[in-house]
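In: A predicted structure for the sequence below; I have some questions about it.
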Amino acid sequence: MSQPEDARRRPIRHRGPIALRGADPANAGTTTDQRLLDRRGDSGFVHTDPWRVLRIQAEFVEGFGLLAELPRAVSVFGSARTPRDSEYYEVGVQLGAALAEAGYAVITGGGPGAMEAANKGACEAGGMSVGLGIELPFEQELNEWVDVGVLFRYFFVRKTMFVKYAQAFVILPGGFGTLDELFEALTLVQTRKVTRFPVILFGSAYWSGLIDWIRDTMVAEGTVSPGDLDLLHVTDDIAEAVAVIQAADAAREQAAAEPPPGTPVPDPAPVDD
């Protein structure tokens, strides 16, 4: 008796952009990130790690080359575990569509759940739908709504792409990975590594506990400034989220058109009597 087709399919493994099938006993259950960071007490650094710089460099080059000609873009984050019948999955679809209609490409992690929803909305609305995947111990394909996608080996390279090619972050409800991207963005804005970069938390019911903790614990203890709360914009309205992004874009364009501080102002032309 023959097996169902799905049971006969061999799983796909990824090594960066390379897709492999079949067993991989040498690296079973590990990822490139893990093999880089989780090495202890061996001579790997001397004989192997310096060569990894070339692979890391290649990932940056590949990402820059793929994304350099993107239109204005917004990175959307959220849980890979968001089910398709969830309220926030539908929100993700509507958000992706609204961003596409406003002229933005939508960048996600390329996975399922909220990421798939935002990619789907952008794709169905005729916009550019981008997925930046990552090599994981449990394989995760780019979702079917990604138009332009790349799979990275290293989280830190992927994170650079999320920030470098986006005008804003919109954060849907998510877990540790979503929080990681959220606080990385906040740190970059707080330290002025990036400017006029909106960080929008979508879903006030989900995020209210975090906001309360930042205000009542972090601000109260003096570990962040009261004004740091202003780096976050919380909303339940898609149109408001898009408007915040557009306003930041307008401010950025106005600042770019103004002369740098300290630029000499030319004397007025003499007027003949």
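Out: Sure thing, it's come through.

In: where along the stretch 1-150 of the chain do the strands fall?
Out: Per DSSP state E, counting those that start in this stretch, the stretch 1-150 of the chain carries strands over the ranges 12-15, 18-21, 73-77, 105-108, 129-134, 148-152.

In: Then the stretch 151-273 of the chain?
Out: In the stretch 151-273 of the chain, the strands defined using DSSP E, counting those that start in this stretch lie at 169-171, 199-202, 232-235.

In: any idea which of the strands of the stretch 1-150 of the chain is most buried?
Out: strand 105-108 (a mean of 30; mean count of other C-beta atoms under 10 Å). From N, CA and C alone the C-beta is placed, and that goes for glycine too.

In: Adjacent strands (with direction) for it?
Out: strand 73-77 (parallel), strand 129-134 (parallel) (DSSP bridges).

In: Just the CA coordinates for the shortest one, please, in PDB.
Out: In this case it means strand 73-77. What follows is strand 73-77, C-alpha atoms only, in PDB (Å, rounded to 0.1, in the frame of the first residue of the first chain):
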ATOM      1  CA  ALA A  73       8.900  50.100   3.300                       C
ATOM      2  CA  VAL A  74       7.500  49.300   6.700                       C
ATOM      3  CA  SER A  75       8.600  46.300   8.800                       C
ATOM      4  CA  VAL A  76       5.700  44.400  10.400                       C
ATOM      5  CA  PHE A  77       6.300  42.000  13.300                       C
END
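
In: and it, how far out from the chain's middle?
Out: 6 Å (C-alpha atoms, centre = their mean, to the nearest Å).

In: State the pLDDT value of Thr217.
Out: Predicted confidence (pLDDT) for Thr217: 97.

In: Tell me how many other residues surround it.
Out: 11 (other C-beta atoms under 10 Å).

In: can you tell me which residues contact it?
Out: By C-beta atoms under 8 Å, 6 or more residues apart in numbering, the contact list for Thr217 is empty.

In: Likewise for Gly103?
Out: By C-beta under 8 Å, 6+ apart, the contact list for Gly103 reads Pro71, Arg72.

In: quick one: it from Ala241, how far?
Out: Going from Gly103 to Ala241 by C-beta to C-beta, to the nearest Å gives 15 Å.

In: Next: Gly96.
Out: Applying C-beta to C-beta, the value for Gly96 to Ala241 is 12 Å.

In: same check, this time on Gly109
Out: Gly109 is 19 Å from Ala241, where distance means C-beta to C-beta.

In: Compare neighbour counts for those two and give me the winner.
Out: Gly109 (30 against 23).

In: Would you confirm that that one contacts Met115?
Out: Yes: counting by C-beta atoms under 8 Å, Gly109 touches Met115, with 4.9 Å between them.

In: Quick check: neighbours shared by the two?
Out: By C-beta under 8 Å, 6+ apart, the residues touching both Gly109 and Met115 are Phe77, Ala80, Gly131.

In: can you redo those as TSV with pLDDT and distance to Pro71?
Out: Below are those laid out as TSV (pLDDT from 0 to 100; distance: C-beta to C-beta, whole Å):
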residue	pLDDT	distance to Pro71
Phe77	97	20
Ala80	94	26
Gly131	95	16
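
In: just to revisit the earlier point, could you dump the strands of the stretch 151-273 of the chain to TSV with mean neighbour count, distance to Trp145 and mean pLDDT?
Out: Formatted as TSV, the strands of the stretch 151-273 of the chain follow (neighbours: other C-beta atoms under 10 Å; distance: least, C-beta to C-beta, whole Å; pLDDT from 0 to 100):
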stretch	mean neighbour count	distance to Trp145	mean pLDDT
strand 169-171	26	17	97
strand 199-202	22	19	98
strand 232-235	17	24	97
